Structures are given as structure tokens and as C-alpha cells.
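1. structure, please.
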Amino acid sequence: MVDGPKVKWNLSVWGKPRAFTAGIETLRDIADERTGGKFKIKIHYGGALSKSRENLDGIKLGAFQMAMFCSPYHPAKNPTLTGLDLPFLPFPNLRVQAKVHDAYYQHPAVVKDLARWDAYLLMSSLLPQYEFTGVGKPPLTLADWKGKRVRAVGGIGKAMTKLGAIPTTVVAAETYTALERGTVEAASFPFTYAHVAYKLTEVGKWYTANMSPGAVNCPVVVNVPAWNKLPAQYQALLKDAKVPAYDALISAYETADAKNLPMMEKQGLIAIKYSDAELAAFRKAGAQPVWDDWLKSMEEQKLPGKELLDLIMTTANQ
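-> Okay, the predicted model is just below:
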């Protein structure tokens, strides 16, 4: 148990409770339980406090103390964070991803970048590898992606351009409508939980089962003035709570997969799997060339891109 004053924080997130929110729900519960109800974190779902693209702005304004956001939604606001959105990063599992994200968040250039928004990076949301759900003609070969309009953000979108696809940035909450109306022909999301959570499987006719082009970085941030006002024992409590929060996220994603895959098969969605040769060609076209473009962009902005990419690689291999 941790003793301290009464503190109430508000946390802004979009959508409903789901696997993605298991981490912040664990933080909330631990803060409540271990302080005897003195440290309360209220999660406001459904963008009730702010739109998903504006959560970082809300943190800057001090409109709420905590929030979640995804770095590809506004790369110009957080250029250093986009390194974690690069495709085909060497994350064999979510445990390695957590280790890399935590190390990356502590890099001085990243800390300085987010300080412009009065944002302290607390933890990651550990999104699983992305796959696509789509409508229309199934892309049975990677060549079939040419000309397709796809919802693909960050580095995944850049990798898809190497296949001739036309990526567009659509926020999660608007993707169902975009797919239903044919504004996009396919949408990439963490597999499988988000495809079901955002009801893409209700309109989709097929899904990719083994593209695994990468994942998007969606951190949990705290307003710096609010963090600095927080008693040291409460700060330590939140940092300690990251381990069970990550455990809860990984468990929630695994539970979602066990439930969702049989359901998708029952609904008749076609599972598309590509050959090892095709996937190797995709990685060759969509990995290093996209990384090189990112490094050039970082250099132009006088940011330590190579140092950040090296940090990803060395931490992943430790």
C-alpha cells in the first residue's frame, strides 16, 4: 500500500474498452487499489474529452492529465517518435517491443521532442503486428495491391506504396465508414483485436493472415506539470504498475485472438496467405528503403535518426 493525498486525474482515449485499453485500465486499478482509493484515474472513452488527433494538444493545454495518442496521426508534432512506426522492425514478440519502446522513450532527443507538448511518455500500448481487412477483389498476390486505396498509417503506409497501393490516413473511429462506403478498399489494424473491435469484419470479405508489415506506436502520456505535482510515491507507483499493465495488454491481445479467429472463419472471411518468396520481396522493398527515407528526413530536421534506429536494433537484440 502507498499512502498519500487525494488526487484525481482524467485520461482521454478514443473508442470503447477493448484489448488496447487493458494497459491503462490496469494502471487505473492499481493506482486505486494500492492507495486505498486516494489516487483516482478516470478513463474517458469515446473521445469524450478530445478527438484522437487532438489528445497531444489537450495534454499541452493541461485539459486532462493523461492521454493516449498514435504518433502517425500527426508526425510533424512528434517526429522522433515516428522511428517506432517504421515497417519490419525486428520485434519477434510484444515483450521485446515493450523493452524497445521503453528504451526509446527515454532517449534525450525523444524526451526533448515531447517536452514541447508538456508530455511525459509513461508507457506503450504494444500494438500487435498489423494485417488488412478488405472489400472487393482479394489481393491473392502482392502484385494485386497495385492501385488499391488502403487505410495504412505511418511506416506501414510507406511500405504499401512499394507495392503500388495508395495509402491514406484515416483515424480508427472513422475506418468502418470508410471501408463500408468504399472510400478505402482495405484497412490495416492490429491483428485480430482491432479488426473486430472496430467491426471491420462485419463489412470485410477477406483478410491478410501473414503480411506482418509492422505496428504503430501509440503511447500513454502524462502532462508534465501534473506529473511534477504528483507525490514521488505516486510517481513510483505508476512506474511500477507498467509491468502488470504490459502483462494485461499481452494477455488481452492473446484472448482476443483466441476468440476472434474462429469467429472470422465462421463469418466466411477469406484468409489470404502469401508465399515466403513474396514476403521476402516485400520486406526487401518495404524495409531498408523506407528506413533510409526516414533517416534522410531526420537528418534534414537535424534529429539523430541513425542514433535512434541503432537504439531500436541494439535493444531488440539484447
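2. next one: the strand or helix carrying T315 to chain centre, how far?
-> In this assignment (DSSP states H and E), T315 forms part of helix 305-316. Counting by C-alpha atoms, centre = their mean, to the nearest Å, helix 305-316 is centred 19 Å from the centre of its parent chain.
3. other SSEs contacting that helix?
-> helix 94-105, helix 108-115, helix 288-300 (3 or more C-beta pairs under 8 Å, 6 or more residues apart in numbering; DSSP states H and E). Any C-beta I mention is one placed from the backbone N, CA and C, and that applies to glycine too.
4. try 7 Å
-> Packed against helix 305-316 by the contact rule (3 or more C-beta pairs under 7 Å, 6 or more residues apart in numbering; DSSP states H and E) you find helix 94-105, helix 288-300.
5. tell me the buried residues in that helix?
-> 305, 308-309, 311-312, 315-316 (16 or more other C-beta atoms under 10 Å).
6. just the CA atoms of it, as PDB, please.
-> The C-alpha atoms that make up helix 305-316 are tabulated as PDB, following Å, rounded to 0.1, in the frame of the first residue of the first chain:
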ATOM      1  CA  GLY A 305      17.800   9.400 -36.700                       C
ATOM      2  CA  LYS A 306      20.700   7.000 -37.000                       C
ATOM      3  CA  GLU A 307      21.200   7.000 -33.300                       C
ATOM      4  CA  LEU A 308      17.500   6.300 -32.700                       C
ATOM      5  CA  LEU A 309      17.400   3.500 -35.300                       C
ATOM      6  CA  ASP A 310      20.600   2.000 -33.800                       C
ATOM      7  CA  LEU A 311      18.900   2.100 -30.400                       C
ATOM      8  CA  ILE A 312      16.000   0.100 -31.700                       C
ATOM      9  CA  MET A 313      18.200  -2.500 -33.300                       C
ATOM     10  CA  THR A 314      20.600  -3.000 -30.300                       C
ATOM     11  CA  THR A 315      17.800  -3.000 -27.700                       C
ATOM     12  CA  ALA A 316      15.800  -5.600 -29.700                       C
END
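7. can you give me the strands for the chain?
-> 7-12, 39-44, 66-68, 119-124, 130-134, 149-151, 166-168, 186-190, 206-208, 219-223, 270-272 (DSSP state E).
8. possible to save these as JSON lines with mean pLDDT and distance to K51?
-> As requested, these are exported to JSON lines (pLDDT from 0 to 100; distance: least, C-beta to C-beta, whole Å):
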{"stretch": "strand 7-12", "mean pLDDT": "98", "distance to K51": "9"}
{"stretch": "strand 39-44", "mean pLDDT": "98", "distance to K51": "12"}
{"stretch": "strand 66-68", "mean pLDDT": "98", "distance to K51": "11"}
{"stretch": "strand 119-124", "mean pLDDT": "98", "distance to K51": "17"}
{"stretch": "strand 130-134", "mean pLDDT": "95", "distance to K51": "22"}
{"stretch": "strand 149-151", "mean pLDDT": "95", "distance to K51": "17"}
{"stretch": "strand 166-168", "mean pLDDT": "94", "distance to K51": "18"}
{"stretch": "strand 186-190", "mean pLDDT": "93", "distance to K51": "19"}
{"stretch": "strand 206-208", "mean pLDDT": "96", "distance to K51": "28"}
{"stretch": "strand 219-223", "mean pLDDT": "98", "distance to K51": "16"}
{"stretch": "strand 270-272", "mean pLDDT": "95", "distance to K51": "33"}
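9. of all the ones you listed, which lies closest to L89?
-> Among the strands of the chain, strand 130-134 comes nearest to L89, with 11.9 Å by C-beta to C-beta.
10. tell me how far V150 lies from V111.
-> Distance of V150 to V111, computed by C-beta to C-beta, to the nearest Å: 33 Å.
11. which of these two has more neighbours?
-> V150 (23 against 14; other C-beta atoms under 10 Å).
12. tell me what the longest helix seen in the chain is packed against?
-> Across the chain, the longest stretch assigned as helix under DSSP state H is helix 242-266. Where contact means 3+ C-beta pairs under 7 Å, 6+ apart, helix 242-266 is packed against helix 22-34, helix 193-197.
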